[in-house]
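[1] All I have is the shape, not the residue letters:
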């Protein structure tokens, strides 16, 4: 990288840092957790640099089931959720993961020690759904109740129009696959551990979450720091 290009990049990063400092995350009220907006990619970042980084991240991608009890900051959680299924093209509300027919039928619920939240990608906040720790109900594995974050992927079948139910279930599962892989790549890049889990009592959890009959739990993904 040339000296002039490096100076432009550092100047750009300084502007972004000032922006983030004036948009600090945290509790707005008792029902909303404000997230940190993602930083845009510098316009002069070479495509080859991004390709090389992605290759290294793919080499690190793996499942992990041995988590520490270290908490995940709001800043890291913000980047995680944006990477998973955030809006990367605001002009059309397009997302970081594809969805069949652009239904965008998948909602991400975040089970934390302080409650169950629903990710709103448009307002970029977490809205409180249940003020209780439901992590233990998101799966039967021993580590589940102690992982800082459990992402519950829920499909809203009403958003999928008049498609046959079997088709809705197929595409919902496919779309969650895209989202969960984004989370895997983010965790590999950030030094976090993660694993997708299907072993969960869906009817019981759906009732505890207050889901409607049109909402279907697909899988759960645990995220935390590895031991």
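    Structure received. As the structure is a computational prediction, the values presented were derived from the model and not from experiment.
[2] Need the single longest helix in this structure, by residues.
    For the chain, the helix with the greatest residue count under DSSP state H is helix 165-190.
[3] buried sites along that one?
    Applying a neighbour-count criterion of 16 or more other CB atoms under 10 Å, one finds 168-169, 171-172, 175-176, 178-180, 182-190 buried in helix 165-190. C-beta coordinates here come from the backbone N, C-alpha and C atoms, glycine included.
[4] by contact count, what packs against it?
    When contacts are defined as 3 or more CB pairs under 8 Å, 6 or more residues apart in numbering; DSSP states H and E, helix 165-190 sits against helix 47-60, helix 74-85, strand 106-112, strand 149-156, strand 193-197, strand 215-224.
[5] which one of these lies closest to residue 31?
    strand 106-112 (13.8 Å; CB to CB).
[6] for the closest one, packing partners?
    Using 3+ CB pairs under 8 Å, 6+ apart, strand 106-112 is in contact with helix 74-85, strand 115-120, strand 149-156, helix 165-190.
[7] let's see it at 6 Å
    For strand 106-112, the elements it packs on are strand 115-120, strand 149-156, judged by 3 or more CB pairs under 6 Å, 6 or more residues apart in numbering; DSSP states H and E.
[8] Run through who's touching it.
    117-119, 126, 134-135, 138, 150-155, 175-176 (CB atoms under 6 Å, 6 or more residues apart in numbering).
[9] which residues touch the most centrally placed residue in the chain?
    Closest residue to the average C-alpha location of the chain: residue 81 at 2.8 Å, with CA atoms, centre = their mean. Residues in contact with residue 81, defined by CB under 6 Å, 6+ apart, are residue 119.
[10] just to revisit the earlier point, format the helices and strands packed on strand 106-112 as a markdown table; extra columns: mean pLDDT, distance to residue 55 and mean neighbour count.
    Below are the helices and strands packed on strand 106-112 laid out as a markdown table (pLDDT from 0 to 100; distance: least, CB to CB, whole Å; neighbours: other CB atoms under 10 Å):
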| stretch | mean pLDDT | distance to residue 55 | mean neighbour count |
| --- | --- | --- | --- |
| strand 115-120 | 98 | 29 | 20 |
| strand 149-156 | 98 | 26 | 24 |
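[11] how about these in CSV, adding distance to residue 65?
    Listed next are the helices and strands packed on strand 106-112 as CSV, based on distance: least, CB to CB, whole Å:
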stretch, distance to residue 65
strand 115-120, 22
strand 149-156, 13
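[12] how about the ones you listed, which one is nearest residue 222?
    So among the helices and strands packed on strand 106-112, strand 149-156 is nearest, using CB to CB, at 5.3 Å.
[13] the inter-axis angle of that closest one versus strand 193-197?
    40 degrees (axes from the mean of the first three to the mean of the last three CA atoms, to 10 degrees).
[14] what packs against strand 149-156?
    Going by 3+ CB pairs under 6 Å, 6+ apart, strand 149-156 lies up against strand 106-112, strand 215-224.
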